[in-house]
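Q: please find the sequence and the predicted model below.
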Amino acid sequence: MKNADVLIIGSGISSLTCAALLSKKGKSVIVLEQHSKSGGYLHCFSRFGERFDTGAHYVGAMDPGQPFHTLLSYLGVLDDSLFTPLDPTGFDEFHYPDFNLKFPKGYDALIQMLCQEFPREKSAILKYFDLVQRAVKHFPTYEFSDVADTPTWALDTPLSAVVTELTSDRRLQCALYAYCALHGVAPTDIGFGFHAIVTDSLIRGPYGLASGGDALAQRFVQKIEECGGVVHTRKKVTRLEIKDRNVIMAVTESGECFSGDWVISGIHPKATLRLLSDSSAMTPAFQERVSSLQESVGLLGIYATCPVEESPFNPLRNYYFFSSDDPMGFLQWDKPTSSTTAAFVTSAMRSPKSTSKSGMHPINIHSACPISWCEPWLDSKFGERPERYVDLKATASDQTLGLIEGYFPGFRSAIKNVAVSTPLTNLHFNGSEEGSAYGIYHSIANTGIRALGPRTKVLNLLLTGQSSLFPGLLGAATSGLRTAGQIIGIKPILNELRSLRGRL
């Protein structure tokens, strides 16, 4: 039996945040990861001689003194070489059938651009971004306040209700809803406050990962080990032994046993419940709630290369493509034989100093791919899936590439190599429920005061990760901060973060 103060299952950024923070505070920590390397959706992989990212594409709030920059500095994992500031003149491009927009960095520049594009909507634009900035100030673990005073309206009011009250301009509504593509929740379902955090973080400090998410994960592991923690890979936990409403032991696939005064599960709550040796440790109501949680949509991943000189994409920008400018329909999906409704394109070659030895530009492309599209092959094995599954990938990727081609003619002919992933790929490599990239569906019913949160009915078992708070690097890392606070106290941590922010 290997013992620690805190035993952590999984090594996504939320688990790594917990481990780095707790080991910094003197707790002995053991992290168990089933994969061959740490990081979860920070993982990168190689194809065609180039690096591609799985989930860590870009992040916000990374200027000095901003939330994510401050948190990484506090944990001792910040290395400026890991991040690259994106193009301040237009870090995100949005393409709709009848109009295009480029979001510049900073509220003043963005508001000015939108007012020029929508001159009759100046009042609505000013009010909207005033509400965004007011809302985020009330989230304690975003602004590092020790007062939990998040107003009810920010948690319970749908984004769509705020926007439609301000403007009836359908194009402006599309622009304000566009970042729903980053959390996978419809404008009618997402709480305004959580959407505001995504929006605020990107407007203020958009950065790419210069060397991919793997480099950030490795920096976390290095810091954890410097503080005396241990990070094990290839240790798949298959059972959590329960006694007297406590986890007394975690058993791995190979039969090894680990224990901790506290156990933190960074894997999906549904997967956590399946590990319990005694399900009665959780109330029937909690079990029913977790088992009935809706998962967010899965994604189709297209990993392509084209010659650098023929690429239409700026490595320091992200691109969003939509087939509709209907604000209530531009993020919906139907079936793989229909036109793809939305696609997100980003580059793995983020650093302006980076060069490709092969002369190729690696491009990540993502679009919606519900698990239902892959349901006939759920029981098939990776690398042995039938031809019909290959046909599905070809059809779905063809629709997505066709959408982009409509905006950037000639793009498809420039592509030299293509690999495609689906939710089944996520199931195989990350074990995510239904292959989702965002965890649970983060509607109003599942966030804010209604979120699962860290605590469980098993007294020493805590939850962390995007499904217990919010998706994305910042959301998952903040979840780790909150979970660690359950063990060592959240207010002292927030006080230290607030003090550090003032010195950065």
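A: Received the coordinates, thanks.
Q: is Gly26 in a helix, a strand, or coil?
A: coil (DSSP: H, G, I helix; E, B strand; the rest coil).
Q: what of Ala484?
A: Following three-state DSSP, Ala484 is assigned to helix.
Q: so who does it touch?
A: By Cβ atoms under 8 Å, 6 or more residues apart in numbering, the contact list for Ala484 reads Thr17, Cys18, Leu21, Leu22, Ile493. Where you see a C-beta, it was placed from the backbone N, CA and C, and this is true even at glycine.
Q: cutoff 6 Å now
A: Taking Cβ atoms under 6 Å, 6 or more residues apart in numbering, we find Ala484 in contact with Cys18, Leu21, Leu22.
Q: most neighbours out of the residues you listed, which is it?
A: Sorting these by how many neighbours each has (other Cβ atoms under 10 Å) puts Cys18 first, at 34 neighbours.
Q: give me the distance between it and Leu155.
A: 24 Å (Cβ to Cβ, to the nearest Å).
Q: what is the top helix by length along the chain packed up against?
A: The helix that spans the most residues within the chain, counting by DSSP state H, is helix 387-407. Packed against helix 387-407 by the contact rule (3 or more Cβ pairs under 6 Å, 6 or more residues apart in numbering; DSSP states H and E) you find strand 318-322, strand 342-347, helix 411-414.
Q: contact partners of that helix?
A: By Cβ under 6 Å, 6+ apart, helix 387-407 touches 95, 300, 302, 321, 323, 336, 339-340, 343, 367, 377, 411-412, 420.
Q: so how many other residues sit close to Ala124?
A: A count of neighbours around Ala124, defined by other Cβ under 10 Å, yields 21.
Q: surely it meets Thr167?
A: Yes - applying Cβ atoms under 6 Å, one finds Ala124 in contact with Thr167, separated by 4.0 Å.
Q: surely Phe220 forms part of a strand?
A: No - with three-state DSSP as the criterion, Phe220 is located in helix rather than a strand.
Q: neighbours of it, just the number please.
A: Neighbours of Phe220 using other Cβ under 10 Å come to 26.
Q: SS state for Thr305?
A: Secondary structure for Thr305, judged by three-state DSSP, is strand.
Q: how many other residues sit next to the closest residue to it other than its chain neighbours?
A: Take Thr305 and drop its neighbours on the chain: the residue closest to it by Cβ to Cβ, 6 or more residues apart in numbering is Met360, 4.1 Å away. If you count neighbours by other Cβ under 10 Å, Met360 ends up with 20.
Q: and Met360, how far from Ser279?
A: 51 Å.
Q: how many residues are close by Arg86?
A: Arg isn't right for residue 86; it's Leu. Per other Cβ under 10 Å, the neighbour tally for Leu86 reads 26.
Q: so Ser123 sits in a helix?
A: Yes - residue state for Ser123 (three-state DSSP) corresponds to a helix.
Q: the longest helix of the chain vs strand 318-322, what angle?
A: Here helix 387-407 runs at 100 degrees with respect to strand 318-322, directions being taken by axes from the mean of the first three to the mean of the last three Cα atoms, to 10 degrees.
Q: now do helix 387-407 against strand 342-347, angle only.
A: Using the same axes, to 10 degrees, the direction of helix 387-407 lies 80 degrees away from that of strand 342-347.
Q: what about the residue nearest to Leu7 when sequence neighbours are not counted, helix or strand, and which?
A: Spatial nearest neighbour of Leu7, excluding adjacent residues (Cβ to Cβ, 6+ apart): Gly260 at 3.1 Å. Using DSSP states H and E, the element containing Gly260 is strand 257-265.
Q: please apply the same query to Lys102.
A: For Lys102, the host element (DSSP H and E) is strand 100-103.
Q: can you give me how far the following helix or strand past that strand is from the chain middle?
A: Moving toward the C-terminus from strand 100-103, the next helix or strand (DSSP H and E) is helix 107-117. Its chain's C-alpha centre lies 27 Å from the corresponding centre of helix 107-117 when counted by Cα atoms, centre = their mean, to the nearest Å.
Q: only alpha carbons, please: show helix 107-117 as CSV.
A: Presented in CSV, the C-alpha positions along helix 107-117 are these (Å, rounded to 0.1, in the frame of the first residue of the first chain):
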residue,chain,number,x,y,z
TYR,A,107,-12.6,46.0,-24.9
ASP,A,108,-12.0,49.5,-26.4
ALA,A,109,-10.8,48.1,-29.7
LEU,A,110,-13.6,45.5,-29.9
ILE,A,111,-16.4,47.8,-29.0
GLN,A,112,-15.1,50.4,-31.6
MET,A,113,-15.0,47.7,-34.3
LEU,A,114,-18.5,46.4,-33.5
CYS,A,115,-19.9,50.0,-33.4
GLN,A,116,-18.5,50.6,-36.8
GLU,A,117,-20.0,47.4,-38.1
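Q: and that helix, what does it pack against?
A: helix 122-136.
Q: and the next helix or strand past the helix it packs on?
A: Following helix 122-136 toward the C-terminus (DSSP H and E): helix 140-143.
Q: give me the contact list for that next one.
A: With Cβ under 6 Å, 6+ apart as the test, helix 140-143 has contacts from Pro67, Val136, Lys137, Ala148, Ile197, Thr478, Leu481, Arg482.
Q: and which of those residues is nearest to Tyr177?
A: Nearest to Tyr177 among the contacts of helix 140-143: Ile197, at 15.4 Å, using Cβ to Cβ.
Q: what's around Ala451, how many residues?
A: Around Ala451 there are 20 residues (other Cβ under 10 Å).
Q: turn the contacts of helix 140-143 into JSON lines, columns for neighbour count.
A: As requested, the contacts of helix 140-143 are exported to JSON lines (neighbours: other Cβ atoms under 10 Å):
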{"residue": "Pro67", "neighbour count": "27"}
{"residue": "Val136", "neighbour count": "23"}
{"residue": "Lys137", "neighbour count": "14"}
{"residue": "Ala148", "neighbour count": "11"}
{"residue": "Ile197", "neighbour count": "26"}
{"residue": "Thr478", "neighbour count": "26"}
{"residue": "Leu481", "neighbour count": "24"}
{"residue": "Arg482", "neighbour count": "23"}
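Q: least confident of the residues you listed?
A: Sorting those by pLDDT puts Ala148 at the bottom of the list (65).
Q: can you tell me the SS state at Asp325?
A: coil.
Q: you'd agree it is up against Phe94?
A: No - shown here, Asp325 and Phe94 do not form a contact pair, counting by Cβ under 6 Å, at 10.3 Å.
Q: which residues does the strand holding Gly260 contact?
A: Everything outside strand 257-265 that qualifies as a contact, by Cβ under 6 Å, 6+ apart, is 1-9, 18, 30, 247, 249-251, 272, 460-464, 483, 487.
Q: hmm, which of those residues are the buried ones?
A: Buried members of the contacts of strand 257-265, counted by 16 or more other Cβ atoms under 10 Å: 4-9, 18, 30, 247, 249-251, 272, 460-464, 483, 487.
Q: need the contacts of helix 387-407 in JSON lines with neighbour count, distance to Lys393 and pLDDT, can you?
A: Listed next are those as JSON lines, based on neighbours: other Cβ atoms under 10 Å; distance: Cβ to Cβ, whole Å; pLDDT from 0 to 100:
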{"residue": "His95", "neighbour count": "19", "distance to Lys393": "24", "pLDDT": "96"}
{"residue": "Leu300", "neighbour count": "27", "distance to Lys393": "8", "pLDDT": "94"}
{"residue": "Ile302", "neighbour count": "24", "distance to Lys393": "9", "pLDDT": "96"}
{"residue": "Phe321", "neighbour count": "24", "distance to Lys393": "19", "pLDDT": "95"}
{"residue": "Ser323", "neighbour count": "20", "distance to Lys393": "20", "pLDDT": "91"}
{"residue": "Pro336", "neighbour count": "24", "distance to Lys393": "9", "pLDDT": "71"}
{"residue": "Ser339", "neighbour count": "13", "distance to Lys393": "17", "pLDDT": "64"}
{"residue": "Thr340", "neighbour count": "24", "distance to Lys393": "13", "pLDDT": "69"}
{"residue": "Ala343", "neighbour count": "25", "distance to Lys393": "15", "pLDDT": "91"}
{"residue": "Ser367", "neighbour count": "26", "distance to Lys393": "12", "pLDDT": "93"}
{"residue": "Trp377", "neighbour count": "16", "distance to Lys393": "11", "pLDDT": "95"}
{"residue": "Phe411", "neighbour count": "20", "distance to Lys393": "19", "pLDDT": "93"}
{"residue": "Arg412", "neighbour count": "15", "distance to Lys393": "16", "pLDDT": "94"}
{"residue": "Val420", "neighbour count": "20", "distance to Lys393": "4", "pLDDT": "96"}
